[in-house]
Structure formats: C-alpha cells, structure tokens
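# Next comes the sequence, and after it the predicted model I'd like to discuss.
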Amino acid sequence: MTIMKRRRLFSRVREKVFWAARPPRSTGRAGPVRADHRAVGFGSATIFLLGAACAAWFTVGACSKPKPVGSAPVGVEPSAPATAHIGRSVSCDRFCKMVVTCGPDKLGGQSLKKAMEDCRLACHKTPPPPNFDGMFVAALKDCVASTSGCDQFRDCAQQKLAVLQDQLKGQTEDPNAIYAMPLGNDPMVGDRLAPVTVVGFLDPQCHYCRKSISVLDTVLAKHKRQVRFVLRAFPLAGDPVSTMASQAAIEVYGEKGADAFWRFEKQVFATDHLSRAVVETLAKGVGADPGRLRRALDAQTNQAVVERSLAVGHRFGVGGTPSFFINGKKYPGFLDEGEFDQAIDEAGRRAKTLLDQGIRPQKLYAALTAKGYRKVHYIKTAPPGELDPEGVYRVIAGPGLPQKGPDDALVTIVEFTDFQCPFCRRLTETLEELLKRYPKDVRLVFRNLPLPMHPYAFIAAETARIVYRLKGNAAFWTFHDMLFHHQQELSLAKLEQFAVAVGVDASKYRKALADHRYEAWVKKDASFAEGLGVSGTPQMFINGKPMSGAYPLNQVKKRVDAELAAARKLVQGGVARGKVYEHIIEHGQEAKAAGHGQEAKAIRR
C-alpha cells in the first residue's frame, strides 16, 4: 500500500468512525488552539489503543500501576497540544459506551476492529512496546470503575495514556517535589499574611474548575486567616472565550479589589454559556466601570498577564485544569473539601515549623519555597516490565506480614493490593471464599502497592500497618475488611474512625501517623513489587507464579488446585509441609528478592 493510499484510508476511517472535521478556530494570535473541553479529540495513537482495548477486553479487572503526578484524580481536563486541530467526535457517546460495556458483541461487528487495524497500518511507523496495549487496557478498566459519562471517561483515558508514555520513557514527575511557584501580581483573595498559600491554575469553562471554585469558597470561609488563594489564568490552549473572561477578571481585580474580583469569578465559573456580553454584565454587577472594561478588552490590556500565567504553568508542568500548588506542593486535578483540608493541614504544619524558628509571616512563603524547583521536576522510573505467567518468583511471605491461613499451608498466595482499587475489593471476596474452601491448605499474605492515582491509597496502607503493629493480625484483617467495605467513603477522619473501632488508641494512632512511622514499610512493599515487574493491582503470586487481575473464583481455584497437586507431590517426596513454599520459590537459587538493590529473576520449574 502506498503512502498516499494509506493517508487517504486513514482520512476515511477518521471521518467515518470518529470525527466530524472542521477548520481550526483562530484565536486571533499565534499560538495553540484548543479542542472543545466537552469533546476533546483523540490522537491516532489514542484512537487505536482505545479500539484495541475494546477488542481485547475481558472480565478480569486491574488498576494500572503507572505513576501520575501526586495522586492525579479523574477531573483533569487535558489541554490540546500546540499542533492540534479542533475536532469534535460525532460518535463520542456511542464510542464511549462501546468501551464501557466492553464486550466483543458490542463492537458493531468486524468493521470497527478492521478500522482500528487500518488506523494502525496508516499511522504507526513503529509499533508501541509489546506490553503497552495490555497496560493501557488495564488503565481503561480503572477509568470504567471510577467515572461516569463519556467526558469523564475520555479525560481519564487520555490522562492515563500520557502517564504511560512518560513511564515508558523512564521518567515521571516527582509527586513529592516542592516548587518555587512565583506569586507575581496575580489576583489574590484571603489574608495576605496567611501561612498557607494556594495557587490555582483554572479555566473558566472547565467543568472541574467550576466545581473547584465552589469548594474553594467553602475552604476559604472555613480557614479564614489561615489560607490565601492566588488565581492564575490558564485558558486551555488559548480558548478565546476563556481568555476574554480571564482578562476581564484581572481588570475587575485591578479596579475594584479582591472582594469584587472573587464575587465576579464565582459568577463567571457558575455560568454555563459564557460570552463577552455575559462577562460585561457580570462585571457591571460587582461595580466595575463598563466603559473601562470594554476598552481593556478591546485593547487586550491584560493579555500579557494571561500569557505570563500560561508560561509559568507550562514551566511547572501544568498540563490541564484544575491544578493547584499548596505552599509549593503540586496537586493536579479536582480536590474535594476533605482533600483540601488534608493538604492545608500538611502545609500548615510545614509553615508552623518555620514560624516557630522565627521566620516573619511576610517572608514565610518565600522561605517555604526558597529551595523549591524552578521548573517541573522528573524522577527516573524503571520502565514497566512483563511478568512471566509460567515463571516462579521469589516473593517473600515471611514473618511481619499480615496473614490468613496456617504457616504450613501447601499453597501461599501473596497479594499486592491497593485499598482504593475497585478490582482489589472484588478479588477480596473471591479470596475469602477460597480460604473457606481450603482452611488448612491455603494461606493469604498481604502486601501493599498503593497506586498514585488513588488519593487515600498510600495513607490507608500506612494506617493499616499502624493497626497491624499496635493491635495485631486479627485487628488488621478486620480493619482491612472495613476499608474495602467503605471504599467509596475513605477520608482521614474515616481512617481514624475505623482504626479506633478495632481497638487502636486514638492518641497513639495520631502520633504514629504524624511521625510517618511506617511510611518506609509501605514504600518498601511498593519497591519490591516494582522490582518484580508488577504494573498494577490486584497482583497475586500463587506459590510464586503471577496471576494479575480480579479473576473469578473458578479460575483462581483452578490455579490453586494445580499448585496444590504439585505441592502434595513435594510432600510425598520428603519436603516438610512448612518448607514447601520456601522450597518452591528458592528452586534453582536464581530468584532474588527485588526492590532492595538486587535483581529479580523468574525461574522455571
């Protein structure tokens, strides 16, 4: 097939299946154009991978392992790349529903599958790594479980695709970095001497930004003199309406001050259909001079402020809205009131330390961010690997780990789990039934793998370790079950409530959590999993053999029965019951523990 034919083929596929193409909308100046945030156009690679996800979809679920920035939640609206053309998907809802329902019978026959194959032929000069499609499918399953509606699902999928691409390059943004985020003269509300500074990059037409403004209003009222908020304009890819509204807000702030600015912004972000006439009316309602505003908008007086804000955002890795920096620490995506409270409490503790050292309030923010990074900071990560399904891995299941079942069980299941992963919750029910069927022959060992896209996963893992150390194995499993049963309700308050409910002393719990006494333990579990090549949750190792995902009971039982038969042969051959697992995973002396500076190898038996 010639290059020209391939191009024509892809053009037909794109127009018939996914796009109603239209010319780019000019912003009136050089720079990027923005895909409509209610129907963001997919790139060809994304289209193919979404189609491949549909075609390859199966009943096993898994939460994807790749690390986004911080605890990137669903709700980030990705901005279009500078070279993107505006496109609107005519079949967005239909395509999204096909992916969500995810059955081969929902694909519309072979035509869509063929279209995906043609798309790959036409557009991929080099295919993605062999494990990429499977990882993206796993990521999409997490999107299905955590979103509702086509827009949210698409945004989630695009965000995870970007994260996977970064991971395949061997880098990811440092989730713990502190940035020297400049404040400049951007609009600020709240006490100027407040110890906690929240900088928000927002787009007036972004759905999650609108929700964020409402939450911020509550947060500012609750914390009063403790928090100040700086709003930085970030119209996604130069959208002219969002840019105009941002310029108007800056003008209102300069003329009428912070109170009028905040009242104006709350009304702007609450308006469904913005236009210049609407913006001028809202500005007049808060006391702004209509003539002055019109002249400022006509002359684009505040465009330089908007462009400077965009440049700052890009320098610090802001790729979508909303994005927040709280005393220099980055929080991408929508934060609810509880998440803001948690972040503010953490930032407040850091601020109090410096205030106690004699730093003046006027110099506090500068001191907090003095050693911060001046641009987005990346850390190296190991590229995702693939587990050999027939290999045996040396996965430690020794003392000091939560366990169900007898020490001399013939089959040991080590499970890496995330307390906010919906598929882990599903697998928990399967494993509970399995333990009932094999009370003497199966043991379950718990290990942590909190995924960064789940905001409470790490602290839940840390809390679970506190419970285990303070109250023992039985209390841990009761706490474990409570977390999964109330998975959708997790918060700092709930975690403490559940810990106290299983007998943990509240003061000891708070002290251990504040000191991050078991943070290193959780990180060691996660590092161990990464060294083995684990890329998602739930991940089981059944007598050392990997089994990824929330398989139904019959499939897990089939694997257990096979391992049980092999273990019984070992016992018949003279291996003591209590030594079976150690014998299996140490066979060949080639498997080494990962995540502790040693190489992980799979062996075959």
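Structure's in. What do you need?
# List the contacts of F479.
Residues in contact with F479 (C-beta atoms under 8 Å, 6 or more residues apart in numbering) are T463, A464, V467, F498, A499, V502. All C-beta spots, glycine's among them, are computed from the backbone N, C-alpha and C.
# Give me the residue ranges of the chain where confidence is low.
The model of the chain has pLDDT under 70 over residues 1-171, 237, 380-386, 587-605.
# before we move on, back to that, make a markdown table out of the contacts of F479 and add secondary structure and distance to Y253.
A markdown table is the format used below for the contacts of F479 (DSSP: H, G, I helix; E, B strand; the rest coil; distance: C-beta to C-beta, whole Å):
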| residue | secondary structure | distance to Y253 |
| --- | --- | --- |
| T463 | helix | 42 |
| A464 | helix | 46 |
| V467 | helix | 49 |
| F498 | helix | 44 |
| A499 | helix | 45 |
| V502 | coil | 51 |
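# May I see the ChimeraX selection of the buried members of those residues?
The ChimeraX command for the buried members of these (criterion: 16 or more other C-beta atoms under 10 Å) is given here:
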select :463,464,467,498,499,502
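# and which of the contacts of F479 is nearest to Q487?
Checking the contacts of F479 against Q487 by C-beta to C-beta gives F498 as the nearest, at 11.7 Å.
# How about the closest one, nearest residue that isn't a chain neighbour?
Nearest residue to F498 in three dimensions, chain neighbours excluded: M482, at 4.6 Å (C-beta to C-beta, 6 or more residues apart in numbering).
# same thing with R232?
S309 (4.4 Å).
# And the one you found, how close does it get to D186?
7 Å (C-beta to C-beta, to the nearest Å).
# hey, what's in contact with both of the two?
With C-beta under 8 Å, 6+ apart, S309 and D186 have common neighbours R232, A233.
# So the residue nearest to R232: helix, strand or coil?
Following DSSP: H, G, I helix; E, B strand; the rest coil, we place S309 in the helix state.
# Against E280, how distant is it?
In this view, S309 and E280 are 22 Å apart by C-beta to C-beta.
# of those two, who's got more company?
Set side by side, S309 and E280 show more neighbours around S309, with 21 against 17, by other C-beta atoms under 10 Å.
# if I pick that one, what's in contact with it?
Per C-beta under 8 Å, 6+ apart, neighbours of S309: D186, F201, R232, A233, F234, S246.
# how close does it sit to L216?
Distance from S309 to L216, by C-beta to C-beta: 17 Å.
# cool, and A409?
52 Å.
# try C424
From C424 to L216 the distance is 32 Å (C-beta to C-beta).
# Which one's more surrounded, those two?
Counted by other C-beta under 10 Å, C424 and L216 do not tie: L216 has more neighbours, with 28 against 25.
# helix, strand or coil for the more buried one?
L216 ends up helix, using three-state DSSP.
# Now it: closest residue in space that isn't a chain neighbour?
Distances taken as C-beta to C-beta, 6+ apart place F229 nearest to L216, at 6.0 Å, with adjacent residues excluded.
# which other helices and strands contact the host helix or strand of that neighbour?
If you go by DSSP states H and E, F229 is part of strand 227-233. With contacts defined as 3 or more C-beta pairs under 8 Å, 6 or more residues apart in numbering; DSSP states H and E, strand 227-233 has these neighbours: strand 188-190, strand 196-202, helix 207-223, helix 240-256, helix 303-315.
# Make JSON lines out of those and add distance to A565.
Listed next are these as JSON lines, based on distance: least, C-beta to C-beta, whole Å:
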{"stretch": "strand 188-190", "distance to A565": "67"}
{"stretch": "strand 196-202", "distance to A565": "58"}
{"stretch": "helix 207-223", "distance to A565": "52"}
{"stretch": "helix 240-256", "distance to A565": "64"}
{"stretch": "helix 303-315", "distance to A565": "59"}
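# Tell me which of the ones you listed is the most buried.
strand 196-202 (a mean of 25; mean count of other C-beta atoms under 10 Å).
# And the contacts of that one?
Contacts for strand 196-202 (C-beta under 8 Å, 6+ apart): 181, 183, 209, 212-213, 216, 223, 226-234, 269, 309, 313, 318, 321-327, 344, 347-348, 351, 365.
# Appreciated, that's everything.
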